[in-house]
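Participant: Could you look at this predicted model? Sequence included:
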Amino acid sequence: MVPVRILLERFKRLTRPNILVREKTSVIIQEEVSVKIDDKKIFLRNGVIYVDTHDPIVKSEIFLKKRKILGRIQEELGERGVFDIK
């Protein structure tokens, strides 16, 4: 018999669903930039959060406050592996 602990070992490395990251990112951006971005327009790939907005002012505000936004995301979600926002 194989112990259950060994069978469940692979599930330790699973990360939180992207839905949670998208929702938290949307809330944090709204608090920092004062602009509501729908969580369906936020994508996470390979540790990079992509925000799909066509407003250059919003993009500039996100870029200017990128360090603060990333810091809050990592603070609230823990070790998530989010490295950049684009």
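Facilitator: Cool, the structure landed. In this text the structure is predicted, and so the values were computed from the model without any measurement. Numbers count the residues shown, from 1 in each chain.
Participant: so how far is the longest helix along the chain from its chain's centroid?
Facilitator: Ranked by residue count, the top helix of the chain under DSSP state H comes out as helix 18-33. Between the centre of helix 18-33 and the centre of its chain there are 7 Å (C-alpha atoms, centre = their mean, to the nearest Å).
Participant: Buried residues, the next helix or strand after that helix. List them.
Facilitator: Toward the C-terminus, helix 18-33 is succeeded by strand 42-45 as the next helix or strand (DSSP states H and E). The neighbour-count check on strand 42-45 (16 or more other C-beta atoms under 10 Å) flags 42, 44 as buried. (Glycine included, C-beta is placed from N, CA and C.)
Participant: ok, now stretch 33-46?
Facilitator: Quick answer for stretch 33-46 (16+ other C-beta under 10 Å): 33, 37, 39, 42, 44.
Participant: Without its sequence neighbours, what residue ends up closest to the residue nearest to the spatial centre of the chain?
Facilitator: What sits nearest the mean C-alpha location of the chain, by C-alpha atoms, centre = their mean, is residue 21, with 4.0 Å. Spatially, and ignoring its direct neighbours in sequence, residue 21 is nearest to residue 44 (5.2 Å; C-beta to C-beta, 6 or more residues apart in numbering).
Participant: I'm done for today, thanks for sticking with me.
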